[in-house]
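> With the input below, show me the fold.
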Amino acid sequence: MSTPRPMADPTTAGRRPKALLIVVDGTRYDRLTAAGTPAIDSVGEAGVLAPSHITDTALTLPVSGPGHASLHTGVWPDKHLVFENEFAGHDLTRYPPLFTRIGELRPDLVTFSSADWAPINDFLIASATTRLQPEEGDPVRNDAATTRDLVHALKDRELDLAYAYFHQVDATGHAVGSDSDAYGAAIERVDGHIGDILSAVRARPTHAEEDWLVLVATDHGQTGDLHGGDEETTRTAWIAASASWIDPGAARARTWRQVDVVPSILRHFAIPVDPAWGLDGVPIGTPGQDPFDTVAVPDGATSTGQLPAGWSRLERTPDSGDPGYRGWRLIRQQDWAREDGGRGRGSFVRSRDMIAVADSRRWGGTGDFDSTLRSPWTPVTPGARFTVSFLSHYRLWNAIPEFGATVHAEFDDGSTHRLWLRLRPESQLSTPLTLTGHCPDGAGQVRIAWRLVDPGTRGYWAISAPEIAVATA
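Modelled structure (predicted):
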């Protein structure tokens with residue numbers, strides 16, 4: 001692998017970038033926010049602390065392996081192929097973990113890792129300058145040892161990237177339940193460890209010459225004393241992040257994911273991301289470009305029929321079901337994930353913030369669901385090629401011959417061109433699509449139309465981040 005040239009970054013000029021990644025296993029967001037956690041709160045106050053939902057069980061079970069692999073690779077389980085704790089069949093060669101990338105791209109960086117869960121050391125931390133593995137058995141003792149060792153390592157002015165894994169919150173939840181007082185006490189003990197680590201960062205003799213990125217996250221939540229399934233307490237993970245280049249206002253306005261950890265660290269060390277790596281995340285604080293995000297859901301509503309400027313809807317769906325789901329609607333992704341028991345909606349993890357949804361199952365009316373969402377008109381050159389890209393999340397229960405999800409290009413000369421058709425009942429979960437077409441000789445404009453027809457109210461289709469690009473002839 002060739003080494004990309006570092007990017008210039010005026011925000012870190014004159015200061016050496018340093019990064020700290022802390023993962024607190026199995027920590028529920030609701031219990032975190034209810035506990036006394038001044039150290040984690042301080043990170044959020046300087047940047048952002050927010051829920052960071054993981055995929056639901058349509059893509060993978062909420063166990064530690066997939067969560068840690070997503071945190072370390074910057075891609076979701078359908079890419080890194082870690083679906084359980086044994087890492088069987090993984091594709092960490094194609095999607096290498098952070099410490100592997102850092103070792104290849106920036107071998108000059110001094111790195112540190114401490115984790116007492118063997119799969120992390122066996123599969124995700126391959127090349128730390130210092131790699132410690134406390135003996136498994138007592139998570140409380142091991143968390144204290146990790147803290148002690150990292151505080152000691154931070155006295156080395158050359159340390160650049162540190163990773164610390166804390167185990168006792170997850171272990172306590174499994175032992176006595178995540179609703180227990182003991183679980184909350186474990187969260188507060190770990191926050192005390194994090195406070196000691198942050199104090200050690202500030203006490204470094206070279207701290208004034210350094211630019212620190214601090215990330216604290218979890219791999220999953222819990223439900224009762226188990227990982228659970230699609231419950232909110234299980235799926236609601238969280239991320240706290242602060243850095244000189246993270247604007248708190250911008251960061252708090254968007255949704256961030258586990259896959260954003262790796263791009264954030266790469267950005268901090270001025271390592272440009274090669275598109276060939278196929279990363280799913282972006283640096284925390286990256287402004288959104290999705291036109292759907294320009295629309296807000298009214299207070300007290302779940303969804304909205306309002307569309308972005310220039311967008312339109314052709315509605316043939318009868319007014320017989322849930323009006324909040326009659327035809328294409330805009331909705332916050334996580335609000336939609338909670339509807340109708342989830343049913344795979346929570347696996348649209350590559351989307352963020354607002355999405356467009358045609359959910360005939362949730363509409364539940366009589367007659368045929370038939371709705372078309374149309375983009376604004378885009379100028380074209382006759383004979384030129386154009387592409388449309390978007391994220392697609394599609395699911396159908398039982399085959400219905402009349403069911404159809406289609407994408408058409410409509411031209412101002414009255415002609416149309418079908419770009420995509422899906423009739424099969426197989427799910428298409430959180431899938432990036434790029435479709436290509438050619439403009440007729442008599443056309444001067446094109447718009448893209450997404451149409452869902454379902455007479456059985458047995459499916460849904462959601463899209464996000466649509467983009468249309470037109471080439472010259």
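> Assign a three-state SS to Ile102, would you?
In three-state terms, and counting by DSSP: H, G, I helix; E, B strand; the rest coil, Ile102 is helix.
> how close does it get to Ala356?
37 Å (Cβ to Cβ, to the nearest Å). Every residue, glycine included, has its C-beta placed from N, CA and C.
> And for Asp78, the neighbour number?
Residues within reach of Asp78, counting by other Cβ atoms under 10 Å, total 19.
> nope, Trp450 is what I was after
24.
> The one 10 residues further on too?
Neighbouring residues of Tyr460 were enumerated by other Cβ under 10 Å; the total is 29.
> For the lengthiest helix in the chain, buried residues please.
For the chain, the helix reaching the highest residue count under DSSP state H is reported as helix 181-202. By neighbour count on 16 or more other Cβ atoms under 10 Å, the buried set for helix 181-202 is 183-184, 186-187, 189-198, 200-201.
> Stretch 155-168 too?
Here stretch 155-168 shows 159-168 as buried, counting by 16+ other Cβ under 10 Å.
> Out of these, which two sit at the greatest distance?
Taking Cβ to Cβ, the two most distant members of the buried residues of stretch 155-168 are Asp160 and Gln168; they sit 27.3 Å apart.
> Poorly predicted segments of the stretch 301-450 of the chain, please.
Low-confidence regions of the stretch 301-450 of the chain, defined by pLDDT under 70, span residues 399-403, 424.
> Can you show me the helices along it?
All helices of the stretch 301-450 of the chain, identified by DSSP state H, counting those that start in this stretch, fall at 333-337, 360-363.
> need those in JSON lines with mean neighbour count and distance to Phe348, can you?
Conversion of the helices of the stretch 301-450 of the chain to JSON lines gives the following (neighbours: other Cβ atoms under 10 Å; distance: least, Cβ to Cβ, whole Å):
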{"stretch": "helix 333-337", "mean neighbour count": "22", "distance to Phe348": "6"}
{"stretch": "helix 360-363", "mean neighbour count": "23", "distance to Phe348": "14"}
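> so which of the ones you listed gets nearest Arg131?
Evaluated over these, closeness to Arg131 peaks at helix 333-337, with 35.9 Å, by Cβ to Cβ.
> Determine the set of other helices and strands touching the closest one.
Where contact means 3 or more Cβ pairs under 8 Å, 6 or more residues apart in numbering; DSSP states H and E, helix 333-337 is packed against strand 48-53, strand 354-359.
> right, so the ones you listed: which one is the most enclosed?
With neighbours defined as mean count of other Cβ atoms under 10 Å, those peak in mean count at strand 354-359, which reaches a mean of 28.
> Tell me which residues are up against that strand.
290, 292-293, 295, 297, 303, 325, 327-333, 336, 339-340, 348, 369, 371, 373, 393, 450, 452, 460-464 (Cβ atoms under 8 Å, 6 or more residues apart in numbering).
> can you do 6 Å?
Residues outside strand 354-359 that contact it (Cβ atoms under 6 Å, 6 or more residues apart in numbering) are 292-293, 325, 328-331, 333, 336, 371, 373, 452, 460-464.
> what's the answer for stretch 419-439, then?
Surrounding stretch 419-439, the residues in contact under the criterion Cβ under 6 Å, 6+ apart are 59, 347-350, 380, 382, 384-396, 399, 404-407, 409, 417.
> and after the host helix or strand of Leu71, which helix or strand comes next?
When secondary structure is defined using DSSP states H and E, the element that contains Leu71 is helix 64-73. Under the assignment DSSP H and E, the closest C-terminal helix or strand after helix 64-73 is helix 77-80.
> So what touches that next one?
The list of residues contacting helix 77-80 from outside it, by Cβ under 6 Å, 6+ apart, reads 59-60, 66, 69, 73, 83, 91, 95.
> Separate out the buried members of those residues.
In the contacts of helix 77-80, burial by neighbour count holds for 59-60, 66, 69, 73, 83, 95, counting by 16+ other Cβ under 10 Å.
> of all those, which comes closest to Leu213?
Checking these against Leu213 by Cβ to Cβ gives Thr73 as the nearest, at 18.0 Å.
> Wait, that closest one touches Thr93, no?
No. Distance between Thr73 and Thr93: 11.0 Å, which falls outside the contact criterion (Cβ atoms under 6 Å).
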